[in-house]
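1. quick check, what structure comes out for this input:
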Amino acid sequence: MALTRPLRLKSEIAKPKADISTSQLPVARVWVDSGVFHLDSYFDYLVPDNLSALVATGIRVQVPFHGREVEALVLSRHASSELSGLKAISKVLSKVSVATEESTDLIAAVAKRWAAHPYDVIRSAIPPRVASVDKEDFPIFFGDKSTAKPSRRYLHIPPVINRFEFLADKITKDTTRGSNLVVLPDSRSVGQLARLIPDAIVLDSELDRSDRYRNFLLSRTKTNITVIGTRSAIFAPISDLSSIVVVDEGSENHYENRAPGWNVRDVAIIRSMRSKIPLTLIGYSPSAEVARLIEGKWIDFVSSKNRLTVNSYSQSQGELLPSRLVSEIRKAMKTGPILFLSPRKGYSQALTCSKCRNIALCSCGGKLTQKSSQLPVECVICATVFADWKCSWCQSTTPFLLGRGSDRFAYEIGAAFPGTPITQSSGDHIVESYEETSGFVIATPGAAPLSRIGYALVIILEGDRFFSQADLRAQERTREMFFQVSALASSTSSVALVMTGDTPIVGALSAWKPSLLSQRELREREEVNLPPFTRAITMDISSTESQALLRGLKKSQEEGRLPASTIFLGPSKLKVDTDRIVLLTPLTDGEVVVDLLHEFQRKRSSSRKTLASIRIDPYSLSR
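-> Numbering: from 1, shown residues only. So this is what the prediction gives:
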């Protein structure tokens with residue numbers, strides 16, 4: 001008789017129904033990282049009971065979306081939804097909140113202002129999650145914001161003083177109740193300021209991924225702090241934010257490279273206005289946009305009454321250092337170091353024949369150049385070396401360097417003043433500070449080091465080249481640069497501009513008044529309907545579609561959907577297969593145009609067409 005096994009009861013664990021919630025606020029409103037442009041509105045999901053205690057504003061969750069699981073950011077919770085048959089949140093990705101109600105409101109406003117999907121902004125505003133950092137303890141404290149009347153001002157940095165000590169002093173002295181946010185244009189500046197405010201939390205893209213995410217969470221959870229960072233720090237979700245400071249607001253580094261191309265200055269203004277937070281812009285010379293707001297009394301200009309001794313020296317034969325300037329250099333060498341500002345780095349950009357002035361070319365058609373005094377002439381395309389160069393037109397063997405750079409300047413200045421030590425600061429080799437009490441420093445724009453005792457003479461070489469750049473920002477960029485470099489002179493020294501003839505920049509620097517130049521530039525731009533008096537929009541699209549797009553835009557204008565005041569420029573060739581159309585419209589009509597272009601992008605997305613590359617108020621219209 002066969003033995004039978006006894007029956008055993010198996011236990012079954014019932015999975016909780018994810019689509020059931022007994023909470024008083026069972027619905028979570030979220031932004032979904034769908035990767036689809038036209039699905040840019042919020043979506044409602046049920047909050048299961050087992051996740052209810054964790055789901056709050058700023059929490060990252062995972063949700064089902066069109067047959068796949070994707071990330072979402074919780075905006076708020078609600079008692080009900082207008083929709084039925086809601087799906088449920090699958091899981092909580094992180095228990096740490098990465099956004100406040102104020103910061104999500106800012107992200108929404110920026111997405112609307114720049115015609116973008118909210119997650120295109122979130123990718124800049126919130127750093128990628130690091131699971132190991134999430135496991136650390138980040139208790140959230142809630143502080144009080146300042147109740148002071150929101151102010152908007154531009155602080156003009158005075159000359160001679162250390163700009164970072166000036167910034168640190170202003171930030172610590174002007175601290176109101178709550179936390180401060182300071183945004184600077186580059187990591188070097190962040191590092192220099194952070195050394196003077198050691199307790200500050202640094203938000204910098206050059207930090208490693210874990211440190212950046214950890215510091216971001218600290219800025220989210222701590223109160224009464226100072227946060228110092230680069231571009232993306234403007235979105236820091238600080239719960240008791242009471243002051244926003246933007247340094248060098250006109251810098252190109254403050255413009256986001258990725259779509260949608262927002263900039264720190266305008267985001268700071270939006271945040272200041274929406275959240276009633278005081279805004280301070282600090283710099284040597286305001287951008288055209290801020291100069292217009294100062295002129296209209298919307299921003300207060302806080303000047304520093306100073307004067308500098310500034311002289312211009314004309315080149316008579318194309319020489320680097322005019323003879324009159326050489327004698328001034330010899331005098332200044334006895335009292336301290338001398339700073340030379342070069343328009344560009346490198347040795348030379350091209351060669352011509354010193355006899356017949358024809359451009360030196362290789363047989364392949366490439367231009368010839370020389371990378372240093374120790375290297376022979378070579379082709380920039382095929383790299384053919386010409387050890388014994390000879391002009392193909394007149395057979396002369398003496399080349400003339402065009403577009404001399406800082407390396408060539410160092411060679412020529414060293415030959416003119418033998419035995420004088422020369423320090424170069426440019427490109428990948430930037431000197432932060434110059435500690436010597438004598439010698440020469442040759443720097444390129446943005447790389448001039450601070451001198452411990454101040455420079456005995458500041459010389460700006462080939463000054464005309466700074467103003468001769470083609471893009472619209474050349475004037476204001478050069479103005480800012482000249483003021484910034486001139487400020488490095490000592491209190492008893494002077495500034496020398498190697499430029500042709502008399503120029504208004506001399507008077508502006510002498511009086512330490514950038515408005516003497518900016519006001520004239522504003523009138524010139526206003527006359528021809530250029531920014532900052534118009535909203536400028538660039539649309540880059542395939543060359544095969546550019547004409548059809550232009551016709552569609554003009555049709556929208558004829559039908560009244562696009563303001564009649566809108567001006568179209570182009571299409572112009574941007575790349576081999578890409579054209580650019582520029583739209584200019586008065587500021588009062590800007591929002592209507594942006595909304596229409598946003599809808600245009602949504603329709604292209606829903607039709608599965610490649611999106612046009614749109615930039616609203618870009619740094620430059622020509623590149």
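2. do you know the pLDDT at Gln192?
-> pLDDT recorded at Gln192 is 94.
3. next one: Asn306
-> For Asn306, pLDDT reads 90.
4. and stretch 555-568, which residues are buried?
-> 556-557, 562-563, 566, 568 (16 or more other CB atoms under 10 Å). Glycine gets a C-beta too; all of them are placed from N, C-alpha and C.
5. residues touching it, excluding its own?
-> 529, 534, 550, 553-554, 581-586, 589, 592-593, 596 (CB atoms under 8 Å, 6 or more residues apart in numbering).
6. top helix in this protein by residue count?
-> helix 590-606 (DSSP state H).
7. which other residues reach that helix?
-> By CB under 8 Å, 6+ apart, helix 590-606 touches 36-38, 40, 112-115, 535, 537, 539, 556, 561-563, 566, 583, 585, 610-612, 614, 616.
8. drop anything exposed from these.
-> With burial judged by 16+ other CB under 10 Å, the buried subset of those is 37-38, 40, 112-115, 535, 537, 539, 556, 562-563, 566, 583, 585, 612, 614, 616.
9. ok, back up a step: just the contacts of stretch 555-568: which are in strands?
-> 534, 581-586 (DSSP state E).
10. show the buried residues in the residues you listed.
-> Using 16+ other CB under 10 Å, the buried members of these are 534, 581-585.
11. number of nearby residues for Pro514?
-> Neighbourhood size, Pro514 [other CB atoms under 10 Å]: 26.
12. if we can go back for a sec, so which of the contacts of helix 590-606 belong to strands?
-> Those of those lying in strands (DSSP E): 535, 537, 539, 583, 585, 614, 616.
13. okay, and Leu517 sits in which element?
-> Assessed by DSSP states H and E, Leu517 sits inside helix 515-527.
14. what average pLDDT does that helix get?
-> Mean predicted confidence for helix 515-527 is 93.
15. now swap in stretch 218-228 and tell me
-> pLDDT averaged over stretch 218-228 gives 95.
16. measure it end to end?
-> 12 Å (CA to CA, to the nearest Å).
17. that older thread, of the ones in strands among the contacts of helix 590-606, which is the nearest to Leu207?
-> Checking the ones in strands among the contacts of helix 590-606 against Leu207 by CB to CB gives Ile616 as the nearest, at 29.3 Å.
18. among the buried residues of stretch 555-568, which one lies nearest to Thr223?
-> Lowest distance from Thr223 to these (CB to CB) belongs to Pro563, with 45.2 Å.
19. so what's Phe400 closest to, chain neighbours aside?
-> Closest residue in space to Phe400, ignoring its immediate chain neighbours: Ser354 at 4.0 Å, by CB to CB, 6 or more residues apart in numbering.
20. what's near enough to touch that neighbour?
-> Shown in contact with Ser354 (CB under 8 Å, 6+ apart): 396, 398-400.
21. which of those residues has the largest number of neighbours?
-> Pro399 (22 neighbours).
22. spatially central residue for this structure, please.
-> Geometric centre of the chain, nearest residue: His254, 1.7 Å, by CA atoms, centre = their mean.
23. show me what contacts that one?
-> 183, 185, 231, 246, 248, 263-265.
24. I'd like these laid out as JSON lines, including pLDDT.
-> Listed next are the contacts of His254 as JSON lines, based on pLDDT from 0 to 100:
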{"residue": "Val183", "pLDDT": "98"}
{"residue": "Pro185", "pLDDT": "97"}
{"residue": "Arg231", "pLDDT": "97"}
{"residue": "Val246", "pLDDT": "98"}
{"residue": "Asp248", "pLDDT": "97"}
{"residue": "Asn263", "pLDDT": "98"}
{"residue": "Val264", "pLDDT": "98"}
{"residue": "Arg265", "pLDDT": "98"}
